[in-house]
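*Asks:* task: produce atomic coordinates for the following.
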Amino acid sequence: MALTTNPTMPTSEEAAPAQEALSPSQLRGLESLRDDLNRLYGSATQRLNEIADKVFDEIFDGDVAEGLSPNKSSSARYRVLMTMCGTSLLVDRVQLSRASRIGALNHHFAGRPWTRLPWSIKVELLPLLGNDGDVKRLSGAIAAAGKASATVTSIRQWVAEHLPDDEKSSRGKPKALSMTAASKILSGGRQLKLVTARRLVALRLRRMGNSAVNTAVADIDLTIKSLTQLREELTET
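*Replies:* Predicted structure coming up:
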């Protein structure tokens, strides 16, 4: 069964005060508008799926594993297409990444309930793939998303409760990390783009001895891995 939204208004307790401020005719008008928007979104979903299927077919040649990979750098065509995002290509990198993965899932689940889900629900289910692109985790989610009572909010909650343990920890909200602190972390990398800054750091570490150098190298490797994961999270989802 295809996913449908709750046909009643309001859809949450927070909406009740606003509903009470509207006349019956205004409420009927909003219900009609909602139905029109849902029909238009249904048409948009079809177009978005066409985009996803085309990206997958043209870039990944039917290779589902490559299309679902969180790191698609092995595909030269995908890398080049990413450089077009936001300029000559009228989608951004996040949208392109979603399209490639949903296109791969459309191919993998061809003819099954997944293909009938709205685009917004498919997007909400993507985190269940985890870092390893495991499609098996999606089976229960697709069944839950196909229920008539399912909504974007309920599926988002379902996904949060069923994420792989490693994904739950990686998606946890950082404690006491302000935007200023985050900016300082990233600014350190920008400073190291300068040759003089790198040479100064290297000189000081060498003066501290081999132990300090080895520790620094290990820390750099971990930082590279963490920053690579951060980049993927920023561009993939």
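*Asks:* and Phe60, how far from Met84?
*Replies:* For Phe60, the distance to Met84 (C-beta to C-beta, to the nearest Å) stands at 17 Å. (C-beta placed from N, C-alpha, C; glycine too.)
*Asks:* and the two? Which one has more around it.
*Replies:* Using other C-beta atoms under 10 Å as the criterion, Phe60 and Met84 rank with Phe60 on top: 22 against 13.
*Asks:* quick one: contacts for the more buried one?
*Replies:* Glu66, Gly67, Ser75, Tyr78, Ser100, Gly103, Ala104 (C-beta atoms under 8 Å, 6 or more residues apart in numbering).
*Asks:* if we go to 6 Å?
*Replies:* By C-beta atoms under 6 Å, 6 or more residues apart in numbering, the contact set of Phe60 is Glu66, Gly67.
*Asks:* for Ala218, what are its contacts?
*Replies:* Ala218 sits next to no residue when contact means C-beta under 6 Å, 6+ apart.
*Asks:* the residue lying closest to Phe56 once chain neighbours are set aside: neighbour count?
*Replies:* Leaving aside its sequence neighbours, Phe56 sits nearest to Gly103 (C-beta to C-beta, 6 or more residues apart in numbering; 2.9 Å). Gly103 sits with 25 neighbouring residues when counted by other C-beta under 10 Å.
*Asks:* Gly103 in helix, strand or coil?
*Replies:* Secondary structure state of Gly103, per DSSP: H, G, I helix; E, B strand; the rest coil, is helix.
*Asks:* does Thr87 sit in a helix, a strand or a coil?
*Replies:* Going by three-state DSSP: Thr87 is coil.
*Asks:* can you report phi and psi for it?
*Replies:* The phi and psi torsions at Thr87 (degrees, to the nearest 10) take the values phi -120, psi -90.
*Asks:* need the per-residue pLDDT for it.
*Replies:* pLDDT for Thr87: 90.
*Asks:* surely Leu68 touches Asp132?
*Replies:* No. If you go by C-beta atoms under 6 Å, Leu68 and Asp132 don't touch, sitting 8.9 Å apart.
*Asks:* neighbour-wise, which of these two wins?
*Replies:* More crowded of Leu68 and Asp132, by other C-beta under 10 Å: Leu68, with 24 against 12.
*Asks:* ok, the more buried one to Leu22 distance?
*Replies:* 45 Å.
*Asks:* likewise for Leu234?
*Replies:* 40 Å.
*Asks:* between those two, which one's more packed in?
*Replies:* Ranked by neighbour count (other C-beta under 10 Å), Leu234 and Leu22 place Leu22 first, with 13 against 10.
*Asks:* which parts of the protein are helices?
*Replies:* 16-20, 24-60, 64-68, 76-84, 93-108, 119-125, 138-145, 152-162, 165-171, 179-191, 195-207, 210-236 (DSSP state H).
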